[in-house]
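# give me a 3D structure for the following:
(2 chains)
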Amino acid sequence: MDKKSAKGYLYLLPSMIIMICFTIYPLIRAIVMSFLGDYSIINGSYKSIGFDNYKALFADPDFAMSLKNTTIYVVCVVPVSIMLSLIIAVLINSCKKTKALFQTIYFLPYVTSVIAIGIVWRWMFNSNYGLINFMLGLIGIEPIQWLNLPQYAMPALIIFAIWKSMAFNILIFLAGLQTIPEDLYRAARIDSTPKFRVFTKITVPQLAPMIVYSSVIGMIGAFKVYNEVFSLFQGKAGPANKAMTIVYYIYDKFYNSYKYGVAAAGSVVLFIIILIFTRVQLRVTGGNKK
Amino acid sequence: MKLKKFGAGVLAMAMAASMMVGCGETAPATTEAPAETPATEAPATTEATTEAAATEEAPAAEAKSIEATEITFWHAMNGNLETVLTQITDEFNANNEYGIKVTLVNQGAYGDLQTKLQASAAADALPDLAQAYNNWLTPYIDKVVKLDDFVATDFDNWDDIVSAYRDECSEFGFIHAVPYNKSTYVLFYNKTMFDELGIEVPQTWADVEAAAKTVMDSKNIAFIGYDDLAGAVEASLHQNGSDYVDATGALFNDEKGLETCEYLSNLYNNGYARLVGEDGYFSNVLSNQMIASYIGSSAGVSYIKAEGWDLGVAPIPGNVAKAANMAGTNIVMFSQDSNKQLAAWEYLKYITSTDAVVEWAVGTGYLPIRTSAYETDAYKAYMDENVCAKACYEQSKDFFFSPTFDASNDIRSTVPSTVEQLVYDKADAQKWLDTIVEAINAQY
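Down below sits the predicted model:
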């Protein structure tokens, strides 16, 4: 190691120490914990070593439901959010005068607390007084019991989450739009290319790196969904727990049931799922070539 | 294995920190003590006093001398409750002869306190005193100080404490806590609506069904709701002379259990009872006159806004027997140092003395933990004006508490969602019984 890189490592040291203490070490501990049966976090005792926690985990219908819910959530929220964000970002970008204003408006959800937003959305979803049912009423749709009936728990959560996650994507796409060379658009204008073709042939390909980035970050975040559930359903996992997600399950097992090993096993499973999905995603989109 | 413990602590903290980001924003989750504590600084350094006291004498010795020290007390009392607690604590801090200073630390809501205690138990950093429910303590019950000797040698009449509270505080085979902010479930009802429809306050299940039919026929709204569904199942079973659960499993898979399920399922299937759903708590529903009555904690009375109607409060209806859920926490001691234990005990004695209990009860609406407090003129006068306090007192002989054992936390969290699903499915009584019994037994 030469002198120059030694200096570099020295600069890295503080953040490395923090990473090791609060990320790497807990990660390893969680993996170890997941193999210890009846593990007690209080005195470190355990009754067995093996796959008992994983067996309990996969035998638990609640975990199966949380896996299913989380998958539905990811599959719905991430693509829809990205598509809508892309359209909105292009619209905002096309009108130079109001750009700053709308940029701020659309970014507000990102800097607002999820809990506060949850309270507002709870009102919008209210079956009697809510804005959403009022608007649906205008087009002749009967009021929907969004937060009262199990079958609407996931749809309500997904709508809420799409709106919530758009703020960040719009910001990324707006930044990306600034980097597209003006020449390309000028050339398109000369050829009088239709607007839609400009969008699909110039804007989208040019924004590809941002879209990949947003989808990877968005997907990882979506797999870890917890705050949205907590705030929309007032600390519960929806009617009859029908909006239970993996992280909610882990949290519940850890803090309410004191099943530390099972919680750790759940977090390892989540870790593996995210790892696989991210690999697949990067391969499909070619994001790991560089 | 110091390192191991440290690791466990860090892990718990990290998990708490990363997962609680969202929740932290709702509650006033200040970890700082209220700024009002008087400036009576502990004179000697704690280090020195600890050393001295440790070698000096056993906790409950005759001639006691307590070195000045500081005691931390973690609680989850907010708003007015915190004000009253601070007031009582300030009185203690100013007047105790030993220079003991109790510092109150507000940990937010009960859930936050539970989480924080658990993480601190893992990190070996528990406070001297904390409010806690029995079922929080199972993982770290060996860190709780046994209070039997203190109670035996230095407490003004343990028998004066309401017997159900004494039983709850010795559930683990020793006295592990002193009761403090106790409440019970009562029936809150819309008195104006009852009068208008000529309904008497229901005493029995049959009364509930009859009244519910009247309300449904004329108002087309539900008659009753339960804030705590697990508590409702448990109380209803007791009211029907049946047991609920113990460390071996569900105890009601029989005729009495079926009768209980029949009562509950009929209420829901006929629309006589409803779930709280998006309204969160029934206090909101009752306030909006969308329901005629509900059963919930007496501590929730301040959330009911009776505008344009009168609130009535009554003991909860029974069937072959009366049974009323107890709620609210007790105070446990974790100090390992004997001087701190003595100091903390002084504080506990003070806040559970008859006068302080009356001050607390009148100020907050929590129930007195002492029989003698009920006899004081101050509390009698309070009961004359306060319908809720009166209803609580009337059913105080019917109190029961939920037993704590390994699976009890899982049962508490499983039963409500199971019942909700049964209500959505409009299941019959037999299905109720089978499903609930199965859900409970799956937790062992």
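# and residue B:313, that one's in a strand?
Yes. Under DSSP: H, G, I helix; E, B strand; the rest coil, residue B:313 falls within a strand.
# and it, what does it touch?
By Cβ atoms under 8 Å, 6 or more residues apart in numbering or on different chains, the residues touching residue B:313 are B:186, B:187, B:188, B:189, B:298, B:301, B:387, B:388, B:390, B:391. To be clear about C-beta, it is placed using only N, CA and C from the backbone, and glycine gets the same treatment.
# residue B:200 is in contact with the fourth one, correct?
It stands for residue B:189. No. Counting by Cβ atoms under 8 Å, residue B:189 does not reach residue B:200; the two are 10.8 Å apart.
# more neighbours: these two, which one.
Taking neighbours as other Cβ atoms under 10 Å in any protein chain shown, residue B:189 and residue B:200 compare with residue B:189 leading, 25 against 9.
# and what about the more buried one, helix, strand or coil?
strand.
# the closest residue to it other than its chain neighbours and residue B:133, how far apart?
Excluding its sequence neighbours, the residue lying closest to residue B:189 (Cβ to Cβ, 6 or more residues apart in numbering or on different chains) is residue B:293, at 3.6 Å. When distance is defined by Cβ to Cβ, to the nearest Å, residue B:293 is 26 Å away from residue B:133.
# neighbour count winner among these two?
Shown here are residue B:293 and residue B:133; by other Cβ under 10 Å, residue B:293 has more neighbours (28 against 20).
# check contacts around residue A:202.
A:180, A:184, A:185, A:188.
# ok, now with 10 Å
A:180, A:181, A:184, A:185, A:187, A:188, A:193 (Cβ atoms under 10 Å, 6 or more residues apart in numbering or on different chains).
# tell me how far residue A:111 lies from residue A:164.
For residue A:111, the distance to residue A:164 - Cβ to Cβ - is 12 Å.
# next helix or strand past the stretch of helix or strand residue B:326 belongs to?
Applying DSSP states H and E as the criterion places residue B:326 in strand B:324-327. Where DSSP H and E defines the elements, the next helix or strand beyond strand B:324-327 is strand B:330-333.
# which other helices and strands contact that following strand?
Strand B:330-333 sits against strand B:70-75, strand B:129-132, helix B:134-137, helix B:163-169, strand B:177-179, helix B:338-351, with contacts defined as 3 or more Cβ pairs under 10 Å, 6 or more residues apart in numbering or on different chains; DSSP states H and E.
# list the neighbouring strands of the shortest one plus their orientation.
Sheet pairing here is set by DSSP bridges, and for strand B:177-179 it gives strand B:330-333 (antiparallel).
# center of chain A - which residue?
residue A:222 (2.4 Å; Cα atoms, centre = their mean).
# where does the nearest residue to it once chain neighbours are set aside fall, helix, sheet strand or coil?
Leaving aside its sequence neighbours, residue A:222 sits nearest to residue A:74 (Cβ to Cβ, 6+ apart; 4.4 Å). Three-state call for residue A:74 (three-state DSSP): helix.
# please apply the same query to residue B:105.
strand.
# how far away is it from chain A?
20 Å (Cβ to the nearest Cβ, to the nearest Å).
# quick one on the thing from earlier: neighbour count winner among residue A:111 and residue A:164?
More neighbours surround residue A:164 than the other of residue A:111 and residue A:164, with 21 against 8 (other Cβ under 10 Å).
# for the closest residue to the more buried one other than its chain neighbours, give me phi and psi.
Leaving aside its sequence neighbours, residue A:164 sits nearest to residue A:109 (Cβ to Cβ, 6+ apart; 5.7 Å). Residue A:109 adopts backbone torsions of phi -60, psi -30, taken as degrees, to the nearest 10.
# ok, residue A:109 touching residue A:168?
Yes. Assessed by Cβ atoms under 10 Å, residue A:109 is found in contact with residue A:168 at 8.8 Å.
# pull the most distant pair out of the contacts of residue A:202.
A:181 and A:193 (15.5 Å; Cβ to Cβ).
# quick one, which of those two is more surrounded?
The residue with more neighbours, out of residue A:181 and residue A:193, is residue A:193; 15 against 10, by other Cβ under 10 Å.
# which of the three states applies to the more buried one?
coil.
# okay, now the residue nearest to it when sequence neighbours are not counted: neighbour count?
Distances taken as Cβ to Cβ, 6+ apart put residue A:201 closest to residue A:193, at 7.6 Å, once the chain neighbours are dropped. A count of neighbours around residue A:201, defined by other Cβ under 10 Å, yields 13.
# my guess is residue A:201 contacts residue A:185, does it?
No. Checked against Cβ under 10 Å, the pair residue A:201 and residue A:185 is beyond contact range at 11.0 Å.
# what touches both of those two?
With Cβ under 10 Å, 6+ apart as the test, residue A:201 and residue A:185 both reach residue A:193.
# how about residue B:258, nearest residue that isn't a chain neighbour?
The nearest residue in space to residue B:258 (Cβ to Cβ, 6+ apart) is residue B:433, at 5.2 Å.
# please give the element, helix or strand, for the one you found.
Assigned by DSSP H and E, residue B:433 falls in helix B:429-441.
# which parts of that helix are buried?
Buried residues in helix B:429-441, defined by neighbour count with 16 or more other Cβ atoms under 10 Å in any protein chain shown: B:429, B:432, B:433, B:435, B:436, B:437, B:439, B:440.
# residue B:154: which of those residues is nearest?
residue B:440 (41.4 Å).
# residues of the stretch 251-400 of chain B that sit close to chain A?
With the criterion set to Cβ under 10 Å from any Cβ of the partner chain, the stretch 251-400 of chain B comes near chain A through B:274, B:275, B:276, B:277, B:278, B:279, B:280, B:281, B:288, B:290.
# got the buried residues for the host helix or strand of residue A:263?
Using DSSP H and E, residue A:263 falls within helix A:260-285. For helix A:260-285, the neighbour count (16+ other Cβ under 10 Å) marks A:260-270, A:273-274, A:277-278, A:281, A:285 as buried.
# this completes my enquiry, with thanks.
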